[in-house]
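> fold the following for me, if possible:
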Amino acid sequence: MPDVRTPAQIEADIVRRREQLAVTLDEIGIRVHPQTIIGDAKAKVASSVDQTVGRAFVAVNRVVSDVKARFTHEDGTPRLERVVPVALATVAVVGLLVTSSRKGRG
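Numbering: from 1, shown residues only. Reported below is the predicted structural model:
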């Protein structure tokens, strides 16, 4: 089947395809531009950091909740049988550290 387009139609198609090609080349130029590549890399790193921070927050929150559950009753009151020994041990360790630092100075 022979092409029945007129020379003007063929010329219009060529112009249209040149414009499409120019747009495509502009898009490729933007994608491979160093600033675009750097921006994309920064966005990926920021996303990764956000996810890591989010996971860390969840993990820390879980640990804090577990520790709190060990030292308090369900109603929120402290479990003295667990709090008092830990408090005494903490005071003893701090006392030893203070005593040893004073001996080191003297």
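
> poorly predicted segments of the protein, please.
1-2, 104, 106 (pLDDT under 70).

> remind me which helix or strand the residue positioned nearest the centre of it belongs to.
The centre of the chain sits closest to Asp50, judged by C-alpha atoms, centre = their mean, with a distance of 1.4 Å. Per DSSP states H and E: Asp50 is located in helix 34-71.

> now do Arg16
helix 7-32.

> now do that helix against helix 34-71, angle only.
50 degrees (axes from the mean of the first three to the mean of the last three C-alpha atoms, to 10 degrees).

> renumber starting at 114 from here on
Got it, first residue is 114 now, which makes that one helix 120-145.

> gap between the residue nearest to the centre of the chain and Phe170?
Here the distance between Asp163 and Phe170 works out to 11 Å (C-beta to C-beta, to the nearest Å). Yep, even glycine has a C-beta here, placed from its N, CA and C like the rest.

> same question, Ala121
Counting by C-beta to C-beta, the gap from Ala121 to Phe170 is 66 Å.

> hang on, the earlier thing: for the helix holding Asp163, packing partners?
helix 193-218 (3 or more C-beta pairs under 8 Å, 6 or more residues apart in numbering; DSSP states H and E).

> can you give me the angle the helix it packs on makes with helix 147-184?
On the basis of the same axes, to 10 degrees, helix 193-218 is oriented at 110 degrees to helix 147-184.
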